[in-house]
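Enquirer: Provided below are the primary sequence and the corresponding predicted coordinates.
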Amino acid sequence: MNTYNIKSKWKFFLLACAVAIGVSSWLYTNSMVEKMSEEERTKIKIWAEANRLIFESDDYDTNLDFYLHIIENNNTIPVIIVDKSQQIKFYRNLDSVKVANPDYVARRLEGMKGKYEPIPIGLEEPQYIYYDHSTTLYQLLYYPFIQLGIIFLFIGVAYFAFSTSRKSEQNQVWAGLSKETAHQLGTPISSLLAIVEMLRMQVNDQALVTELEKDVSRLHAITERFSKIGSKPATPIADVGQAIANSLNYIRKRSSDRVTIRYNQPNEPVMVPLSEPLFSWVIENLCKNALDAVAGSGIIHVELRTSRNQVVIDVTDTGKGIPKRKFKTIFKPGYTTKSRGWGLGLSLTKRIIEDYHNGLIFVQRSEPDKGTTFRIVLKTDVKVTLM
């Protein structure tokens, strides 16, 4: 199981836990809201009965103060009393500023009608009490959403901070490892270059020496690539078409005869800001992935074209394809479909193109068993017309 899949499962587990906590909190709060809602309806019924008893009381009753106390004690639940023709007779606990507008009270009444059945007051002339949630009940009703919002905001900020810190630490580790590797390779490669020169003077088979020199030069180029990781490389104006041609020539010599690599190099230079060692790494990595995809037999086609102030490079293969859901995943560090891979090739490719060349790289299209097209977009201020 690769590193990316392990991290994905952990993310899913943490998300599932957060959802479970959120749902549990919501269900518990809902049960509390239902209980409070029943309690408030009971209070309104008592309030209605107290109003009825006061209206029906002609003489002083020792319980009158108690009924008045019940009525006055309701200072949280909004109520509106209407007669049988739905004319407003009395209201309580509405917004003291907005009640000056009759439309406000009418709107509140319509809102109350849609929430609860009215409670009748048993008088000779029928009256009805409409009511709404108290402020406390509304606060309890919205509390889970506010709570979840704060929790997810905290988790998001914490995750972003942790990911940024971890990514920065990983970058430092990989940069340090790459530079140390380049440093360690530097000395033996210098020795090999000297040995190649000695062999050139002593060996009759110059073709063999030339091939050995190419391989040593290749090692030197790889060392230069590693030395540039972790620092902003120089990107002088260079011919991207020729850089692609050089990389493809190297790949052709090391691929099966059953694999056809097609590339029509432009007649005119296509000049862009380019770090040739790193860009060559990108093309070679895409081509190696394409070779794996075609499984030793197929076609790899590289197309270069310009569009306004952009250079577009498509690397297409006739291989097994990539599922659409994996279009972005394949660029994540640690993701690999190879049993012995580290899952860093496309991740580094993306960084080279987007961080070092201010470009874009993405899967332009892919179909199962038909092939995949990776697209690179580089920006340039140099206007070039291809022949």
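Expert: Here it is on my side, so go on.
Enquirer: Next, please give the residue ranges for the helices of this protein.
Expert: 3-56, 64-73, 102-113, 135-202, 206-228, 240-253, 276-294, 345-351 (DSSP state H).
Enquirer: what's the pLDDT at Met271?
Expert: The score at Met271 is 92. That number is its pLDDT.
Enquirer: And for Lys84, the neighbour number?
Expert: Other residues within reach of Lys84, judged by other C-beta atoms under 10 Å, total 10. C-betas here are computed from N, CA, C, even on glycine.
Enquirer: correct me, but it touches Ile121?
Expert: No. Contact between Lys84 and Ile121 fails when scored by C-beta atoms under 8 Å: they sit 11.0 Å apart.
Enquirer: returning to what we had before: how about JSON lines for the helices of the chain, with distance to Val302 added?
Expert: Listed next are the helices of the chain as JSON lines, based on distance: least, C-beta to C-beta, whole Å:
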{"stretch": "helix 3-56", "distance to Val302": "28"}
{"stretch": "helix 64-73", "distance to Val302": "83"}
{"stretch": "helix 102-113", "distance to Val302": "66"}
{"stretch": "helix 135-202", "distance to Val302": "27"}
{"stretch": "helix 206-228", "distance to Val302": "20"}
{"stretch": "helix 240-253", "distance to Val302": "6"}
{"stretch": "helix 276-294", "distance to Val302": "8"}
{"stretch": "helix 345-351", "distance to Val302": "15"}
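Enquirer: Please name whichever of these is nearest to Val79.
Expert: Judged by C-beta to C-beta, the one of those that comes nearest to Val79 is helix 3-56, at 6.7 Å.
Enquirer: Give me the helices and strands touching that closest one, please.
Expert: With contacts taken as 3 or more C-beta pairs under 8 Å, 6 or more residues apart in numbering; DSSP states H and E, helix 3-56 sits against helix 64-73, strand 79-83, strand 119-121, strand 127-131, helix 135-202.
Enquirer: run the last query once more with 6 Å
Expert: Packing partners of helix 3-56 (3 or more C-beta pairs under 6 Å, 6 or more residues apart in numbering; DSSP states H and E): helix 64-73, strand 119-121, helix 135-202.
Enquirer: Quickly note the distance from Ile376 to Val312.
Expert: 7 Å (C-beta to C-beta, to the nearest Å).
Enquirer: Quick check, pLDDT for Ile54.
Expert: Predicted confidence (pLDDT) for Ile54: 64.
Enquirer: I misspoke; the intended subject was Leu248.
Expert: Predicted confidence (pLDDT) for Leu248: 93.
Enquirer: Count the residues that sit near it.
Expert: That count, for Leu248 with other C-beta under 10 Å as the rule, works out to 22.
Enquirer: Which one, of the helices of the chain, ends up nearest to Pro269?
Expert: Pro269 lies closest to helix 240-253 among the helices of the chain, at 6.5 Å (C-beta to C-beta).
Enquirer: now the angle between helix 206-228 and that closest one, please.
Expert: Angle of helix 240-253 versus helix 206-228, following axes from the mean of the first three to the mean of the last three C-alpha atoms, to 10 degrees, is 120 degrees.
Enquirer: Give me the helices and strands touching helix 240-253, please.
Expert: strand 259-263, helix 276-294.
Enquirer: mind running it again at 8 Å?
Expert: Counting contacts by 3+ C-beta pairs under 8 Å, 6+ apart, helix 240-253 packs against strand 259-263, helix 276-294, strand 298-307, strand 310-317.
Enquirer: so which of those comes closest to Lys98?
Expert: Among these, strand 310-317 sits nearest to Lys98 (C-beta to C-beta), with 57.9 Å.
Enquirer: Extract the C-alpha trace of that closest one and format it as CSV.
Expert: The C-alpha trace of strand 310-317 is given here as CSV (Å, rounded to 0.1, in the frame of the first residue of the first chain):
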residue,chain,number,x,y,z
GLN,A,310,1.7,30.5,-24.6
VAL,A,311,3.6,27.4,-25.6
VAL,A,312,1.5,24.1,-25.4
ILE,A,313,3.2,20.7,-25.3
ASP,A,314,1.2,17.5,-25.5
VAL,A,315,2.7,14.2,-24.6
THR,A,316,0.3,11.5,-25.8
ASP,A,317,0.6,7.7,-25.5
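Enquirer: For Tyr116, see how far away Lys253 is.
Expert: Counting by C-beta to C-beta - Lys253 and Tyr116 are separated by 83 Å.
Enquirer: More neighbours: which of these two?
Expert: Ranked by neighbour count (other C-beta under 10 Å), Lys253 and Tyr116 place Tyr116 first, with 16 against 9.
Enquirer: Enumerate the beta-bridge partners assigned to the residue nearest to the more buried one when sequence neighbours are not counted.
Expert: Spatial nearest neighbour of Tyr116, chain neighbours left out: Tyr131 (6.3 Å); criterion: C-beta to C-beta, 6 or more residues apart in numbering. Note on Tyr131: beta-bridge partners by DSSP bridges are Val79.
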